[in-house]
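>>> show me the folded form of this:
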Amino acid sequence: QVQLVESGGGLVQAGGSLRLSCAASGRTFSRYAMGWFRQTPGKEREFVASITFDGGDTYYTDSVKGRFTVSRDNVKNTVYLQMNSLKPEDTAVYYCARDSKTYRGPYYYREYDSWGQGTQVTVSS
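So this is what the prediction gives:
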């Protein structure tokens, strides 16, 4: 069972930037697409961004396009989410997740089945 550990969350003013990291255990990281999701109290978890197993393609929800960038380092077993021009509505707990199957594109985020514990991002106005 893979372990995913997020870091990099915190408090930032609107317009600022944060970079989240998600470190994965094991030796199969490079076989799986990875994604980022977020959740606020009382709401369902929301897809944010995903990236193919080899980093060749990415996919974003409309509300973060042009502001967030997902990337990965398969040597370091880490996926990143660079968040720029942050808005108060980006405030949430951010989770990374792994695809349930290997060697797929970034569009199967509804089938991700391994999750980290989350990291809090708070954007003040």
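
>>> and the residue nearest the centre of the chain, how far from residue 64?
Central residue of the chain (C-alpha atoms, centre = their mean): residue 36, 2.2 Å from the mean position. Look at residue 36 and residue 64: by C-beta to C-beta, to the nearest Å, they are 9 Å apart. For every residue, glycine as well, the C-beta is placed using N, CA and C.

>>> what is in contact with the two at once?
48, 49 (C-beta atoms under 8 Å, 6 or more residues apart in numbering).

>>> all the strands of the chain, residue numbers only.
Counting by DSSP state E, one finds strands in the chain at the ranges 4-7, 10-13, 18-24, 32-39, 46-51, 58-60, 68-73, 78-83, 92-102, 114-115, 119-124.

>>> quick one, what contacts the closest residue to residue 29 other than its chain neighbours?
What sits nearest to residue 29 in space, not counting adjacent residues and going by C-beta to C-beta, 6 or more residues apart in numbering, is residue 77, at 4.3 Å. Counting by C-beta under 8 Å, 6+ apart, residue 77 touches 23, 24, 25, 26, 29.
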